[in-house]
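Asker: After the sequence you'll find the predicted model.
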Amino acid sequence: MSIIYGTKINQLLANTSPTGLLFADWMKKEGYSGQLQKRYRDSGWLTAMCKGVMYRTGSRLSAYDAIASYNKQMGGQLRVAAMSALEYAGFNQYVPRGKPVLMVVAPTCKMPLWMQNDMYDATFRMFHTNAFSYIETIERVTDSGTLYVSSPEQAFLESLILAPKSYNYMDLYYVMEQLTTLRSDVVQHLLETLDNNRVKRMFLYMAEKAGHFWFEELHPEKIDVGTGKIQAATNGTFNRKYNMTIPKDLEEYEG
């Protein structure tokens, strides 16, 4: 191994996370030519995952670090969202069996090949929504790059968007009971700018039912929730205040 060759690979390993990814286009910009990348693969330093994406040979890959790597190296804006963001913040309803699911919101629902691999400590699931014109995001700087995570206020609304297909309303309400420290100003702005009346009504209904102090600080009169009836559940119970059919188990739950 030449001195230059050895120095280059040492620099690469020192400046990247062992549990993240390496994108070929970024490596070229950093001075690692396609030929040099091939030498690293042939020498066993790196392993190809799919076209244009590599990782350190033998590494146990982190789903969080993979996302952060992509955001840093490729200028992406992938964000941990919905229940995954709530779990990241410490709001857990139950411990999932098997490999956890990491919900990621992206500009499109097309999942790149590197996310489809089964080598990570979580299974990626992507979704896309145009319901938000304002997004409240937390940024975490890691060794791999920047990890974007939906704030708890944002994440719960995202979870309601995905309900009841991806999440059960009753399970989400159990999480709502834990959200005692949501910021009323952030909630207010998100609800005022959100384009989904079912989600807005269900959020307000759950927050009021949970009796959180921050609910009393909201200004519902400034939130447009529409006028028509909404059926959030089949064979549920009709709630006159929110003009919406609520799941029966949720309406009857007294906590």
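Answerer: Cool, the structure landed. Residues are numbered from 1 along each chain as shown.
Asker: Let me know the helix or strand that Val186 is in.
Answerer: helix 184-193 (DSSP states H and E).
Asker: tell me which strands and helices that helix is in contact with?
Answerer: Applying 3 or more Cβ pairs under 8 Å, 6 or more residues apart in numbering; DSSP states H and E, one finds that helix 184-193 contacts helix 152-162, helix 197-210. The C-beta positions use only the backbone N, C-alpha and C, and glycine is treated the same way.
Asker: Quick one: closest of those to Tyr173.
Answerer: helix 197-210 (5.4 Å; Cβ to Cβ).
Asker: just to revisit the earlier point, looking at the helices and strands packed on helix 184-193, which is closest to Ala66?
Answerer: Comparing those by Cβ to Cβ, helix 152-162 comes nearest, at 19.7 Å.
Asker: looking at the helices and strands packed on helix 184-193, which is buried most?
Answerer: Here the criterion is mean neighbour count by mean count of other Cβ atoms under 10 Å, and of the helices and strands packed on helix 184-193 the winner is helix 152-162, at a mean of 25.
Asker: in the helix or strand just after that one, what counts as buried?
Answerer: Using DSSP H and E, the next helix or strand after helix 152-162 towards the C-terminus is helix 169-178. Neighbour counts using 16 or more other Cβ atoms under 10 Å place Tyr169, Asp171, Leu172, Tyr173, Tyr174, Val175, Met176, Glu177 of helix 169-178 among the buried residues.
Asker: quick one: helix 169-178 to helix 197-210, angle?
Answerer: Taking axes from the mean of the first three to the mean of the last three Cα atoms, to 10 degrees, helix 169-178 and helix 197-210 form an angle of 50 degrees between their directions.
Asker: and Leu13, how far is that from Asn130?
Answerer: Relative to Asn130, Leu13 is positioned 41 Å away (Cβ to Cβ, to the nearest Å).
Asker: Comparing the two, which shows the higher neighbour count?
Answerer: Leu13 (14 against 7; other Cβ atoms under 10 Å).
Asker: residues contacting the more buried one?
Answerer: Applying Cβ atoms under 8 Å, 6 or more residues apart in numbering to Leu13 gives the contacts Trp45, Arg56.
Asker: now Thr57
Answerer: Residues near Thr57 by Cβ under 8 Å, 6+ apart: Gly44, Trp45, Leu46, Thr47.
Asker: Repeat that for Arg56.
Answerer: Contact partners of Arg56, counting by Cβ under 8 Å, 6+ apart, are Leu13, Pro18, Leu22, Trp45, Leu46, Thr47.
Asker: ok, the residues you listed vs Ser62, which is closest?
Answerer: Nearest to Ser62 out of those is Pro18 (Cβ to Cβ; 9.3 Å).
Asker: if I read this right, that closest one contacts Ser59, doesn't it?
Answerer: Yes - Pro18 lies in contact with Ser59 (Cβ atoms under 8 Å); the separation is 5.2 Å.
Asker: how about the strands of the protein, start to end?
Answerer: Along the chain, the segments classed as strands by DSSP state E run 22-23, 46-50, 53-56, 79-80, 101-105, 123-127, 137-141, 146-150, 230-231, 237-239, 244-246.
Asker: Just say which of those is most tucked in.
Answerer: Using mean count of other Cβ under 10 Å, strand 79-80 ranks as the most buried of these, with a mean of 26.
Asker: Need the contact partners of that one.
Answerer: 64, 67, 85, 88, 102-106, 137, 147-150.
Asker: What residue spans form the domains of this protein?
Answerer: Listed domain ranges for the chain are 3-56, 63-252 (source: automatic domain parsing).
Asker: out of the strands of the chain, nearest to Ala210?
Answerer: Of all the strands of the chain, strand 244-246 sits nearest to Ala210, with 13.9 Å by Cβ to Cβ.
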